[in-house]
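Peer 1: coords please:
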Amino acid sequence: MSVSLASRLVVSLSLVTGTLGGLLACSATQTTGPSPTGTSGAGANGGSGGSLAVTTGAGGSLAVGPSSGAGGSTECDGASEKTSSGCDYYSVVPDMVAGANGGCFAAFVVNPQAIEVGVEVDYAGAKLDVGKFAYVPKGAGASLTYSPLPSGKIPPGEVAILFLNRFGFSPLGLNTDCPPGIVPAITAIDAAKHGTGIGHAFHITTSHPVVAYDIYPYGGGQSAMTSATLLLPTTAWGDNYVAVSPNGNGVGFGAFGSLPVLDIVASQDGTVVDIAPKVAILAGADGVQATAKDAVGTYTLNRGQVLQLAQVEALDGSAIKANVPVGVWAGMNAFALEECCNDSAHQQIPPVRALGSEYVGVRYRNRYPGIEETPPWRIVGAIDGTTLTWEPAPPPGAPTSLAAGQVATFKTAGPFVVRSQDDKHPFYMAAYMTGGGVYDPSNSNPNAKQDGRGDAEYVNVIPPGEYLDRYVFFTDPTYPETNLVVVRKKGSSGFEDVELDCRGKLDGWQPIGSSGQYQYTYVDLVRFNFQPQQGCDNGRREMKSSLPFGLTVWGWGSADTGEFFNGFMTQYVSYAYPGGASVAPINDVVVVPNPK
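Peer 2: Below is the predicted model of the structure:
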């Protein structure tokens, strides 16, 4: 066993022994049934009962119009469009089991504009000084440097990393600190909520539309437990969702301490959320009460609050309906797939109206040449009577029908196309990367060096109906392997070229399925020890076409950069997120949380 793997296993086992810390005191009101009335309980750590109202520090929940304070702008053109580009975001620190929590939490804010973009951040009603924790990255790997963001504004065509939270100590053998010399916005508390209860989200507003992601912990392989997500602005939120979660579990201790996590975030005071759980919701801290299976629980939140439900039995397939748009995140606090090692996991999921009735499944490229990977995929039904057809054929274990709330997991190397009978039967789909030990060459060759490329991760699959024709995106410069998965659909005049700023027209297109409607290609930006590929490198990139296409970013590490205590360690870690997405209505389905 390599020192890297041994270290990760020590961490995995040590996670069980810690205790979950409390955060800021706050509460929510909840009842079982359709009525929003109820009583609130006492907050954790001495906090008083009652809801905690969160005021905005950047010009209101949408950061548009003359009240906007981000960078002095009086409007935010384009912010009302339902895409991943916007001016008003919330970012939730993922729950992670004790011993691995409190790591460096960061948001990537990409300026696609030719002008400066102002940015502001608040948390729990307090405005934070962006000039103290926002930086522009340059370089990659061990040579990466950070320059303070000038005057709280992102320069044209640049990316700002907002270092939002770090609290506590690194787990044994790992480094979850923010980069040396950088002090995050909040260091006095762990800004994540642990277990079921009410927490707070970071609120990010900008003067003009941007693209945003977050990552936990930041720092590549030395942070070891990374997950990331594309953030959706409040203008793209919906009032109706179907709950999902990753299908992995914690290595070494099964369900104990490894909990699926569902987060619901409010951007307005008096947000009322109804949930019809497929399994019972267990009572938690901060006045969060239990709700029986197939009943309807009602929870009331104020602006910036996070209702977190973390329990052994996943709430997958549960209907969620709010009186105003909300944001929903799905994750797991100790996530592993098949073999080592434990990671965080979180994705901001789309509302029901943005779920597709057709998806194209293309995994990342093989991590090791000549070793074909067969990762898991997961789909979740939204409507009873959903019939699925597959190209070129159903993968082993894949369903041909779905009921409302039904969850199905299968494994295939792909690629494939899956569709339902019509847009009245949308469903959700996610792609996965297995743990770093599954396909390691040392499994088949005892004399081979243990490499540890990548680790457990999951990502939303964007349906073709939500593809964009232009992406301005960011790839993390702390990862030595960055692989882009690009999918294009045939138009009336055939397939159109897709161009990447550092590469030009992409080639290597391969067919998907049997209908001839889709093609895919892979693009490597960096490989091995951060080596740029064909003129490309990590950082801010642009990709465009005359027709919409799909883009997913995958990043992982390897032993080529070094190992534990020897070089720049990047082993047993990965991240993934869609490069961007439309979140426009592509169906008119409403999944109502009715009691049974």
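
Peer 1: show me the shaky parts of the stretch 151-300 of the chain.
Peer 2: Applying pLDDT under 70 to the stretch 151-300 of the chain flags the ranges 172, 249-257.

Peer 1: which SS class is the closest residue to residue 585 other than its chain neighbours?
Peer 2: Closest residue to residue 585 in three dimensions, ignoring its sequence neighbours and counting by C-beta to C-beta, 6 or more residues apart in numbering: residue 353, at 4.3 Å. Any C-beta I mention is one placed from the backbone N, CA and C, and that applies to glycine too. Here residue 353 is helix, with the state taken from DSSP: H, G, I helix; E, B strand; the rest coil.

Peer 1: was I right to think residue 353 contacts residue 582?
Peer 2: No: between residue 353 and residue 582 there is no contact under C-beta atoms under 8 Å: 11.4 Å.

Peer 1: who has more neighbours, the two?
Peer 2: Neighbour tally, residue 353 and residue 582, criterion other C-beta atoms under 10 Å: the higher count belongs to residue 582, 22 against 19.

Peer 1: quickly list what the closest residue to residue 515 other than its chain neighbours is bridged to.
Peer 2: Spatial nearest neighbour of residue 515, excluding adjacent residues (C-beta to C-beta, 6+ apart): residue 391 at 5.9 Å. Under DSSP bridges, the beta-bridge partners of residue 391 are residue 417.

Peer 1: and residue 90, by the same measure?
Peer 2: Residue 90 forms beta bridges with residue 203, as assigned by DSSP bridges.

Peer 1: tell me which residues touch it, please.
Peer 2: When contacts are counted by C-beta atoms under 8 Å, 6 or more residues apart in numbering, residue 90 touches 201, 202, 203, 204, 231, 234, 265, 267, 304, 327.

Peer 1: number of residues surrounding residue 515?
Peer 2: Counted by other C-beta under 10 Å, the residues lying close to residue 515 total 12.

Peer 1: just residue 316 next, same as before
Peer 2: So residue 316, with other C-beta under 10 Å, has 22 neighbours.

Peer 1: that one looks like it's in a strand, true?
Peer 2: No: counting by three-state DSSP, residue 316 is located in no strand; its state is coil.

Peer 1: surely residue 121 is within a helix?
Peer 2: No: according to three-state DSSP, residue 121 belongs to no helix; its state is strand.

Peer 1: I'd say it and residue 201 touch.
Peer 2: No: contact criterion C-beta under 8 Å: residue 121 and residue 201 do not qualify, at 10.9 Å.

Peer 1: would you list the phi and psi of residue 235?
Peer 2: Backbone torsions for residue 235, taken as degrees, to the nearest 10, come to phi -70, psi -20.

Peer 1: residue 417 versus that one, what's the distance?
Peer 2: Residue 235 sits at a distance of 30 Å from residue 417 (criterion: C-beta to C-beta, to the nearest Å).

Peer 1: tell me which of the two has more neighbours.
Peer 2: Using other C-beta under 10 Å as the criterion, residue 235 and residue 417 rank with residue 235 on top: 25 against 22.

Peer 1: from residue 116, how far off is that one?
Peer 2: Look at residue 235 and residue 116: by C-beta to C-beta, they are 22 Å apart.

Peer 1: ranges for the strands of the stretch 51-200 of the chain?
Peer 2: Using DSSP state E, counting those that start in this stretch, the strands of the stretch 51-200 of the chain run over 85-91, 105-110, 117-123, 126-128, 134-138, 145-148, 153-154, 159-165, 197-200.

Peer 1: ok, now which ones touch the residue nearest to residue 515?
Peer 2: Each residue near residue 391 by C-beta under 8 Å, 6+ apart is listed here: 416, 417, 418, 512, 513, 514, 515.

Peer 1: would you mind measuring from the last one to residue 490?
Peer 2: By that I understand residue 515. Distance, residue 515 to residue 490, using C-beta to C-beta: 9 Å.

Peer 1: how distant is stretch 417-426 from the center of its chain?
Peer 2: Between the centre of stretch 417-426 and the centre of its chain there are 24 Å (C-alpha atoms, centre = their mean, to the nearest Å).

Peer 1: typo on my end, it should be stretch 529-549
Peer 2: Put simply, stretch 529-549 sits 21 Å off its chain's centre (C-alpha atoms, centre = their mean).

Peer 1: now do stretch 495-515
Peer 2: Here stretch 495-515 is found 26 Å from its chain centre; the criterion is C-alpha atoms, centre = their mean.

Peer 1: any idea of the mean pLDDT in that stretch?
Peer 2: The average pLDDT within stretch 495-515 is 97.

Peer 1: quick one: end-to-end distance for that stretch.
Peer 2: 14 Å (C-alpha to C-alpha, to the nearest Å).

Peer 1: please identify the buried residues of that stretch?
Peer 2: Residues 495, 496, 498, 500, 502, 503, 506, 509, 512, 513 are the ones in stretch 495-515 that count as buried (16 or more other C-beta atoms under 10 Å).

Peer 1: do you know how far residue 487 is from residue 354?
Peer 2: Residue 487 sits 17 Å away from residue 354, going by C-beta to C-beta.

Peer 1: next, format the contacts of residue 90 as a markdown table and append distance to residue 477.
Peer 2: Shown next, in a markdown table, are these (distance: C-beta to C-beta, whole Å):
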| residue | distance to residue 477 |
| --- | --- |
| 201 | 26 |
| 202 | 22 |
| 203 | 26 |
| 204 | 21 |
| 231 | 19 |
| 234 | 28 |
| 265 | 28 |
| 267 | 31 |
| 304 | 30 |
| 327 | 27 |
